[in-house]
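Peer 1: Quick one, fold the following:
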Amino acid sequence: MAAPFDANQQARFDTEISKLLTQFPPEHKQAAMMGALRLVQELVGWVPPEAMDQVAQKLGVHPSKVLEVATFYVMFHTKKPGEKVIDVCTNISCSLCGAEKLLATLEKKLGIHAGETTPDGKWTLREAECLGSCHTAPCLQINEDHHENISIKSVDEILAKASLK
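Peer 2: Purely as a prediction, here's the structure:
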């Protein structure tokens, strides 16, 4: 099995996990799971299986527990994502305001379907259950940049701005 981290990343992982674990009683160190997974993703851009194994070892849990958490939360990428991840909210408020048309427009422009990454590795497109902007629907998020009141006309501008970052 390949190592998930290079030497510098491994040193940072070990240091940061040690700090994180001081925030929890030893008998509840599994409570550091979310922070540990976030750290892995920060280090390598996603959460590869080998890193899940290291998290499991550090937290004293079975690797399947780490997999359960990593696959439950949409914020964790268990497959290597594109450079830019577009999450389109398709929950009820966004859906009523045209989220499906927005998603279809993005699929056509990017040449991929939701859940896929462009062949050049630049974009990953996903459906999101809720991005917490029901009052400004429809919305989408590109990495950490949130966009609200999206119209089909604004898609090109949003993608162009995201490409520059």
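
Peer 1: C-alpha only now, for contacts and for neighbours.
Peer 2: Noted.

Peer 1: which stretches of this protein aren't confidently modelled?
Peer 2: 1-2 (pLDDT under 70).

Peer 1: by contact count, what packs against the longest helix along it?
Peer 2: The longest helix of the chain (DSSP state H) is helix 7-21. Applying 3 or more Cα pairs under 8 Å, 6 or more residues apart in numbering; DSSP states H and E, one finds that helix 7-21 contacts helix 33-44.

Peer 1: angle of the longest helix of the chain against helix 33-44?
Peer 2: Between helix 7-21 and helix 33-44, the angle comes out at 160 degrees (axes from the mean of the first three to the mean of the last three Cα atoms, to 10 degrees).

Peer 1: contact partners of helix 7-21?
Peer 2: With contacts defined as Cα atoms under 8 Å, 6 or more residues apart in numbering, helix 7-21 is touched by 29, 32, 35-36, 39-40, 43, 58.

Peer 1: repeat for stretch 29-48
Peer 2: 4-5, 9, 13, 16-17, 20-21, 24, 51-52, 55, 59-61, 66, 69-70, 76-81.

Peer 1: Show me those that map onto helices.
Peer 2: Using DSSP H, those in helices are 9, 13, 16-17, 20-21, 51-52, 55, 59, 66, 69-70.

Peer 1: Ramachandran angles for the spatially most central residue of the chain?
Peer 2: Nearest to the geometric centre of the chain sits M75, at 3.4 Å (Cα atoms, centre = their mean). M75 has phi and psi values of phi -70, psi -20 when expressed as degrees, to the nearest 10.

Peer 1: ok so, going back, weed out the non-buried ones from the contacts of stretch 29-48.
Peer 2: Buried residues within these, counting neighbours by 16 or more other Cα atoms under 10 Å: 4-5, 13, 17, 20-21, 51-52, 55, 59, 66, 70, 76-78, 81.
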